[in-house]
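[1] the following block contains a protein sequence and its predicted model.
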Amino acid sequence: MRRKLAAGNWKMNGTNASLTELQALIAAHPTPQVDILICPPATLIVQAAGLSADSPLMIGAQDCHAAASGAHTGDISAPMLADAGAVAVILGHSERRQDHAESSTLVAAKATAAHAAHLTAIICVGESLAEREAAQTLDVIAEHLRHSLPDSATAANTVIAYEPIWAIGTGLTPSPAQISEVHRFLRAELTARFGAEPAQGIRLLYGGSVKPANAPEIFALADVDGALVGGASLTTAEFSPIITALEQA
Ligand SMILES: O=C[C@H](O)COP(=O)(O)O
């Protein structure tokens, strides 16, 4: 049985003042029936981890370097994130693939580093609108998955997030049939690579314009084990009902 996961990605948003939202979220969900993870910007990880230390809410990061330490100005390593209090790290988000030209091979190296630091790697895959319109969605997903996922991936240390690029921050979402098709495909690809039992345990998140209004329909789909939420994770008013919808799914 896969435990469901509501993950919030604050992206490049948030200052100390935003920690009041985190406090409110912790207070609103003292005994959640699902895992809750907030990935604030790196500058807030230490404070966020301190605030949530006595609660079930977990703190994650949004990226890490593939090396454990060294001359990489401006970068942060997986052991540093773990030391700061993070338990997970988002890797291969489309915004990093686009803004920083990150390849799937690099994502796999980062995931290997995350695993070595005992962080859960949340590995993102997803097609652009042009790729969907050219009927290349499953090919793109297969390529992302094959090359971004290291052999060290297990159900305990890896989560896959399907995020169609055209649905991120746009208010657009794929139809339930489109989400189901990709999640079914992801499960089949994982089964082919890792075997049925390990593949059954890996959680698959959907991400892209998840809001309180559409969360129940998305969470009702087979093989959707939760969500990676951007904009709606910034406030407790929006994220809390998404968590509740996941608990009730
Ligand atoms: O990591 C989160 C996703 O990019 C989704 O962002 P969004 O919920 O603002 O569309």
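    Good, I have the coordinates.
[2] is stretch 116-131 positioned near the ligand?
    No: under the criterion of Cβ under 6 Å from any ligand atom, the ligand is not reached by stretch 116-131; the shortest gap measures 7.2 Å. Backbone N, C-alpha and C define where each C-beta goes, glycine included.
[3] buried sites along that stretch?
    117, 119-128, 131 (16 or more other Cβ atoms under 10 Å).
[4] show me the residues you listed that map onto strands.
    Taking DSSP state E as the definition of strands, the buried residues of stretch 116-131 contribute 120-125.
[5] the ligand: which of those residues is nearest?
    Cys124 (7.2 Å; Cβ to the nearest ligand atom).
[6] the closest one reaches Glu163, doesn't it?
    Yes: if you go by Cβ atoms under 8 Å, Cys124 and Glu163 touch, sitting 5.2 Å apart.
[7] find residues that contact each of the two.
    Common neighbours of Cys124 and Glu163, using Cβ atoms under 8 Å, 6 or more residues apart in numbering, are 93-94, 207, 228.
[8] just the closest of those to Cys64, please.
    Distance to Cys64, by Cβ to Cβ, is smallest for His93 among the shared contacts of Cys124 and Glu163, at 12.0 Å.
[9] skipping adjacent residues, who's closest to that closest one in space?
    Of all residues not flanking His93 in the chain, Cys124 sits nearest, at 4.7 Å (Cβ to Cβ, 6 or more residues apart in numbering).
[10] in contact with the one you found, which residues?
    By Cβ under 8 Å, 6+ apart, the residues touching Cys124 are 90-94, 144, 160-163, 207, 228.
[11] how about the residue in the chain that the ligand sits nearest to, nearest residue that isn't a chain neighbour?
    In the chain, no residue comes nearer to the ligand than Gly230, which is 2.3 Å away by Cβ to the nearest ligand atom. Spatial nearest neighbour of Gly230, excluding adjacent residues (Cβ to Cβ, 6+ apart): Asn9 at 5.2 Å.
[12] next, count neighbours for the one you found.
    Each residue near Asn9 was counted by other Cβ atoms under 10 Å, and the total is 26.
[13] which strand residues bridge it?
    Beta-bridge partners for Asn9, by DSSP bridges, are Cys39.
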